[in-house]
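S.K.: Predicted coordinates and the sequence they were generated for:
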Amino acid sequence: MMAPQDKREGEDLFAAPRILIPGKVWVGSKEVAAALGIGALGLDEIRPNEWKARGIRAHLNPAFNIVLRYHVDMPALRLLIDDHDTVAPAVFDLAVAVHRLHGRATFVSCNSGKNRSVAFACALGVSEGLALEECFRLLNAPTPELEASLRAWAGVGA
């Protein structure tokens with residue numbers, strides 16, 4: 001299994017899936033989701049063998065502006081979230097419940113893979129026992145609004 005990826009100066013960390021917890025939580029953009037065959041953008045092909053081979057069992061899409069087509073075997077939850085929304089704790093709870101229901105192996109993606117997907121991947125990471133600050137170290141902190149919502153949900157001050 002691959003180890004969690006640390007931030008590195010000058011690397012494009014958003015061109016490939018980033019791993020928060022090996023075998024449990026992956027993060028990326030809509031293009032990464034399409035490249036993995038998880039969901040299709042337009043006429044892209046949905047390829048279940050690719051995401052199944054990686055162990056991905058569900059997709060969480062916290063993005064009001066991204067609509068993907070899915071294979072019948074891919075459980076998906078789309079949340080209508082913007083980068084600057086304040087997110088209610090119950091929404092993070094729902095994301096964690098879907099993650100647990102579908103085998104704790106979830107790919108999280110939004111438009112660019114930098115804010116909404118990071119916030120929700122961090123929620124899944126916290127549900128798996130990671131400290132919130134460790135999630136931020138591995139993935140970057142999201143927008144101030146999403147970070148504040150996440151901290152309130154996790155019970156962690158700034």
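M.R.: Structure's in. What do you need? Just so we're clear, the structure is a prediction, and the values are computed from it rather than from any experiment.
S.K.: use CA for all of it now, contacts and neighbours both
M.R.: Fine.
S.K.: And the helix or strand harbouring residue 52, what's buried?
M.R.: Using DSSP states H and E, residue 52 sits within helix 48-53. For helix 48-53, a neighbour-count test (16 or more other CA atoms under 10 Å) marks 48, 51-52 as buried.
S.K.: just those now: which is nearest residue 95?
M.R.: residue 51 (19.3 Å; CA to CA).
S.K.: gap between that closest one and residue 26?
M.R.: From residue 51 across to residue 26, the span is 11 Å (CA to CA, to the nearest Å).
S.K.: and what of residue 132?
M.R.: For residue 132 relative to residue 26 (CA to CA), the value is 16 Å.
S.K.: What of residue 17?
M.R.: 6 Å.
S.K.: now do residue 107
M.R.: 5 Å.
S.K.: Tell me which of the two has more neighbours.
M.R.: residue 107 (29 against 25; other CA atoms under 10 Å).
S.K.: quick check, that one in a helix?
M.R.: No. Using DSSP: H, G, I helix; E, B strand; the rest coil, the secondary structure at residue 107 is strand, not a helix.
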